[in-house]
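Enquirer: let me see the structure of the following:
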Amino acid sequence: MSEKYGQYEPIQDNNNNNNATHHVSLEHFPSPTSSPPSTITRNYQEYAASNPTSPQTSSKHISSRARSKSMDPLPDLSPSLTVNAQSPYHYTHFNRGSLEAQKEAMNYMFGTKKFKSHISKRKIEERSPQVQQLYKATPAKMEWSWSPGHTLGNILWLLVFGWLFFVIYAIVGLFLHLTFVGIPYGRMCWKLAEYFLWPFGKYLERLPSRPNAWWGDGILGSVGWRKSARQSGEHSPFLSDEKDDQPAIPLKDKVGYIFWITIAVPLLVMIHVISFMLCWLFVVFIPMAKVNREMIRLFGSNPLTLNVVKDYPRPGADILLYTNHAFNVFYYKYTVGGLNVVLVNLLPFVLLSIFFGYFLDDYIHPAITFACCLLSTIPLSYYNGMAIASLSAQTTFAVGALINASFGSMIELILYVVTIHGKMESVATSALTGALLGALLLIPGVSMILGGVRYKEQHFSPAVAGVSSILLIISVVGAFTPTIFYRLYGSFTMTCTAMTVSHNTTSPGGEIITSYGCHQSQPDLDNDPVYTGYARTLMFICAGILPVSYFVGLLFTLKTHRDILYEKPHGDAEEGEGNDEAETEEQSAEWSKLQCIIVLLGCTTMFALISQKLVQGIGPVVEVLGLSPSFLGVTLLAIIPSAAEYLNAVQFALYNNMPLALEIGASSAVQITLFQMPVLVFISAVMNHLSADNSFTLIFPLMDFYFIFFSVLILNLIYSNGKTNYFIGCALVVIYFIIISSFYFL
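Expert: Model prediction:
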């Protein structure tokens, strides 16, 4: 770039540019009147073109790359494990030794929780251009790129926050004008009022200081400016030795500053903090949250050196803020400390749940505490799954399988045990039924819909899916055998009541009609000899066999047939091992083993506390909403704790990895029937001394069994097809909602 037009010097942040703001020195930069804007823009574009890796790359260059990237389909991650057609479990593992490859191998193994997100640290440069822009500070100059989403977001800012900032800044400015001594600060408030009404395409810059002018640098600002400039070695006509002894600051300057710092700043900071929190909470408005955060920081410096311009910054000015858009949909991929921002925003609900439930229980309505508990379950379950995946990848397959078996179902088991202990065993039964229906219908259905929108048709191996379907049938039949037995041979009582209705009783030939209403009822299980003598014994036998089959599957896949199921890569083994070691050295986990253990224990402890208040709020919520406990259990209590599985399945489908998206649902259903249900049976037997009263049993309502078995048949029919699209997904979702609707009337 020519010296005539100045030099752009972006200041880099050492913290991965997460909170960086580019301050661009425009010293010697010509004013718009001294040089044509086209010349300035052309020289800036030449500089950006010659520095493609610089954060000051022009938006035109970025937008063209982003458009070409967004039009391409997302990369297909399924080749990471090559499936052998001769065996449904036979695949070739690549890049042995790397964390991501280890995680992918665990995803394809029996009895493990599938996890899509990365568990290793990723450099910003390795991510897509759209995501890279989220971590870069605002460029000094960007060309406007119009889109309906951006325009809508800017209008929403104007309607929600822009007018509010305008009014507040205008009122504060008027008040400062009335004090006379605060007129300079009042003028600045009016400038900022216009800026925050519509900040898009405008610069907020810092002008060179004027230490001696009472309307210029203020009190603390001039001192801090001179000190920082002297330390940096910058030359300025205001920093000569004879200027060190500044005259005393006038009293009116001190009083004006006091009005500004004691009255105006607290009010403005409070408004910006509220705006920051709301914009950050809605994720897509994080660009404006960053603007609010930067403005809060600027309140600590001298405000009288700030200036707002629309076209080009002034010579010698530092650009502090510049934004074009209030809305960016890609911020759902933004991470804070390696954690997704959407889930980070839900973490405060964990603290609110504990605070409301244990300290303000007498003052907060139980429905509010119940809602906070439900929302807090989402991040706890997701981070629990992430810790399991990361810890499993950093250990051996056997240890990873043990971790999955012990902690993989911990969140759900805690919720069910607390529900049973609270004498709501029917809610726990409904929640298990809802979890199975969601795993069999809703998870694959939503995955097929969202994956089918991006890809016209998605394929998977029917042989691989066939193994899962067979195992699914075995597990469902084994878990519901006591139900079938008791419904066929159990004791039932038929009760009939007579009702007499008379017609035309005033006439001699009056007719009298007698009708009978009969209903079938089941006696208490503890008083039924069929249950105590036969069905209960059969239930404990099935509950003992099902976990054994689960661990046999783990033994088969991880020990005895591991070499057959998981081939080693072809080629020189020594060379491959060397490559793996090199890759392992380059790749570091987002969470260490100790961090994973802390997260697992923390999530388990926090959810144990939250589940107590969650169960206590079921009764008041049912009364407020007018719902039945069974409907609440089959919907909210079944879906919310499994939110991480829904999220992972959708991510796999969007990356064209439909086999794993379907496997998540099947694996979840198998884990529920082979592990969770038997564990709940034995825990209930210990808690209630073999009594069926307030206990979980494998005697389900007949309607639950019909719906689950019908769902298994539908899923097996889809497995045999070998391909999916959004139409099949819509059919599964429709069936799910039809089945769930029937529970509303129970």
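Enquirer: and the closest residue to residue 474 other than its chain neighbours, backbone torsions?
Expert: Nearest in space to residue 474, with sequence neighbours left out and distances taken as CB to CB, 6 or more residues apart in numbering, is residue 549 at 7.5 Å. Heads up, the C-betas are built off the backbone N, CA and C, glycines and all. The phi/psi pair for residue 549 (degrees, to the nearest 10) reads phi -60, psi -30.
Enquirer: what's the local residue count around residue 549?
Expert: Per other CB atoms under 10 Å, the neighbour tally for residue 549 reads 15.
Enquirer: pLDDT of the one helix or strand residue 731 maps to, averaged?
Expert: Element membership for residue 731, per DSSP states H and E: helix 726-743. Averaging pLDDT along helix 726-743 yields 94.
Enquirer: ok, then the element right after the helix or strand where residue 105 lies?
Expert: Using DSSP H and E, the element containing residue 105 is helix 99-107. Where DSSP H and E defines the elements, the next helix or strand beyond helix 99-107 is helix 129-134.
Enquirer: who does that next one touch, helix- and strand-wise?
Expert: When contacts are defined as 3 or more CB pairs under 8 Å, 6 or more residues apart in numbering; DSSP states H and E, helix 129-134 sits against helix 59-71.
Enquirer: repeat that for 10 Å
Expert: When contacts are defined as 3 or more CB pairs under 10 Å, 6 or more residues apart in numbering; DSSP states H and E, helix 129-134 sits against helix 59-71, helix 286-298.
Enquirer: among those helices, which gets the worst mean confidence?
Expert: helix 59-71 (a mean of 36).
Enquirer: for the stretch 601-746 of the chain, what spans make up the helices?
Expert: For the stretch 601-746 of the chain, the helices defined by DSSP state H, counting those that start in this stretch occupy 618-625, 629-634, 636-639, 643-654, 658-671, 677-688, 702-719, 726-743.
Enquirer: okay, those helices, which one's buried deepest?
Expert: helix 658-671 (a mean of 25; mean count of other CB atoms under 10 Å).
Enquirer: please compute how far the helix holding residue 105 lies from its chain's middle.
Expert: The chain centroid and the centroid of helix 99-107 are separated by 21 Å under CA atoms, centre = their mean, to the nearest Å.
Enquirer: how about stretch 467-485?
Expert: 33 Å.
Enquirer: with just CA atoms, put it into CSV.
Expert: C-alpha atoms of stretch 467-485 as CSV (Å, rounded to 0.1, in the frame of the first residue of the first chain):
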residue,chain,number,x,y,z
VAL,A,467,-27.6,-56.4,13.0
SER,A,468,-28.9,-53.4,15.0
SER,A,469,-32.5,-54.3,14.2
ILE,A,470,-32.1,-57.9,15.3
LEU,A,471,-30.5,-56.9,18.5
LEU,A,472,-33.3,-54.3,19.0
ILE,A,473,-36.0,-57.0,18.6
ILE,A,474,-34.3,-59.3,21.0
SER,A,475,-33.9,-56.6,23.6
VAL,A,476,-37.5,-55.4,23.3
VAL,A,477,-38.9,-58.9,23.4
GLY,A,478,-36.8,-59.8,26.4
ALA,A,479,-37.8,-56.6,28.3
PHE,A,480,-41.5,-57.0,27.6
THR,A,481,-41.8,-60.7,28.2
PRO,A,482,-43.1,-60.3,31.8
THR,A,483,-45.7,-57.8,30.4
ILE,A,484,-47.0,-60.3,27.8
PHE,A,485,-47.1,-63.1,30.4
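Enquirer: show me what counts as buried in it.
Expert: Applying a neighbour-count criterion of 16 or more other CB atoms under 10 Å, the buried positions in stretch 467-485 are 467-469, 471-472, 475-476, 478-483, 485.
Enquirer: show me those that map onto strands.
Expert: Among the buried residues of stretch 467-485, no member is found in strands (DSSP state E).
Enquirer: which of the residues you listed scores worst on pLDDT?
Expert: Minimum confidence in those sits at residue 467, scoring 70.
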